[in-house]
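Enquirer: Show me the folded form of this:
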Amino acid sequence: MLTSILYRLYERRLLAELRGAPLPRHIGLILDGDRRFARRRGLRDVLQGHERGAAKLEEALDWFEELGIRMVTIWFLSTENLTRPQEELERLLSLIERKMREAAVDPKIHRRQVRIRAIGQLDLLPPSLRDAIRIAEEATAIYENFSLNVAVGYGGRQEVADAVRGLLRDWGRQGLTLGEIADRLTADVIGKYLYTYDLPDPDLIIRTSGEVRLSGFLLWQSAYSEYYFCDAYWPAFRKIDLLRAIRSYQQRQRRFGR
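Expert: The predicted structure is shown next:
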């Protein structure tokens, strides 16, 4: 009881500290630590950790709504994750598919007017999961109140490679020579071919589980992002952890390379 009271008091204090300062417009979340959480808690198998992580995301959406943050990009599955043991991978992909299908008809998603969008090498995913993603995207395509971008089958280096490949194909069809393409190539031009070409870059990137690296998450887009690394495993991530991350962001002076 005393712990609960102290937690609420601390949460109120953090919220008070955040008032009056700019909030990040776009937050990136590296959801790390599901499997270690499951092992630490003695759960039956690692999928239960992923289940707890999926439930935590639903809870976190409530926090973002309360704070007025309208864009979040989450890293659900990397290209490297696709090499995990077959049984574990199939169950994880099945969980993501189920959550996508549930999101398409979830009253909360529609009440909040959440637009769901998947980014990554979707062609590497099973057809049934690609179908679930398509259904969720189409069901929420008209919404503009909140953007939930789900990075699945995603790798930052692969995104840049795909962008350059798409650019070369488009300009090659126009009959441009390699020399002409090289002369016109700029960072802004490449940026228009990224998976997130029409989204603002993330202001703040949060990684859970105590790992202090980005692992290629939004590699191009995070050039001037602020980073916050949290020790909690994702399923154990709390609202005060999010508030601390935002407080840390507000205390920094963003220079954007200047």
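
Enquirer: where do the helices sit along the protein?
Expert: For the chain, the helices defined by DSSP state H occupy 2-18, 34-40, 46-67, 86-105, 107-112, 127-140, 156-173, 178-184, 187-191, 239-250.

Enquirer: got the CA coordinates for the longest one in CSV?
Expert: Taking only C-alpha atoms (Å, rounded to 0.1, in the frame of the first residue of the first chain), the coordinates of helix 46-67 have been written out as CSV:
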residue,chain,number,x,y,z
VAL,A,46,9.6,-17.1,-23.7
LEU,A,47,6.4,-16.5,-25.6
GLN,A,48,4.8,-15.5,-22.3
GLY,A,49,7.3,-12.7,-22.2
HIS,A,50,6.2,-11.6,-25.6
GLU,A,51,2.6,-11.8,-24.5
ARG,A,52,3.4,-9.5,-21.6
GLY,A,53,5.2,-7.2,-23.9
ALA,A,54,2.2,-6.9,-26.2
ALA,A,55,0.0,-6.1,-23.3
LYS,A,56,2.5,-3.5,-22.1
LEU,A,57,2.2,-1.8,-25.5
GLU,A,58,-1.5,-1.4,-25.1
GLU,A,59,-1.0,0.1,-21.7
ALA,A,60,1.7,2.5,-23.1
LEU,A,61,-0.7,3.8,-25.7
ASP,A,62,-2.9,5.0,-22.8
TRP,A,63,0.1,7.0,-21.5
PHE,A,64,0.9,8.5,-24.8
GLU,A,65,-2.7,9.6,-25.2
GLU,A,66,-2.7,11.2,-21.7
LEU,A,67,0.5,13.1,-22.5
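
Enquirer: between it and helix 239-250, how big is the angle?
Expert: Relative orientation of helix 46-67 and helix 239-250, computed by axes from the mean of the first three to the mean of the last three Cα atoms, to 10 degrees: 60 degrees.

Enquirer: Save the helices of the chain as JSON lines, and put in distance to L199, mean neighbour count and mean pLDDT too.
Expert: Any C-beta I mention is one placed from the backbone N, CA and C, and that applies to glycine too. Shown next, in JSON lines, are the helices of the chain (distance: least, Cβ to Cβ, whole Å; neighbours: other Cβ atoms under 10 Å; pLDDT from 0 to 100):
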{"stretch": "helix 2-18", "distance to L199": "24", "mean neighbour count": "11", "mean pLDDT": "89"}
{"stretch": "helix 34-40", "distance to L199": "25", "mean neighbour count": "19", "mean pLDDT": "94"}
{"stretch": "helix 46-67", "distance to L199": "16", "mean neighbour count": "17", "mean pLDDT": "95"}
{"stretch": "helix 86-105", "distance to L199": "19", "mean neighbour count": "16", "mean pLDDT": "95"}
{"stretch": "helix 107-112", "distance to L199": "18", "mean neighbour count": "14", "mean pLDDT": "95"}
{"stretch": "helix 127-140", "distance to L199": "14", "mean neighbour count": "18", "mean pLDDT": "98"}
{"stretch": "helix 156-173", "distance to L199": "13", "mean neighbour count": "15", "mean pLDDT": "95"}
{"stretch": "helix 178-184", "distance to L199": "24", "mean neighbour count": "11", "mean pLDDT": "93"}
{"stretch": "helix 187-191", "distance to L199": "11", "mean neighbour count": "12", "mean pLDDT": "95"}
{"stretch": "helix 239-250", "distance to L199": "18", "mean neighbour count": "19", "mean pLDDT": "97"}
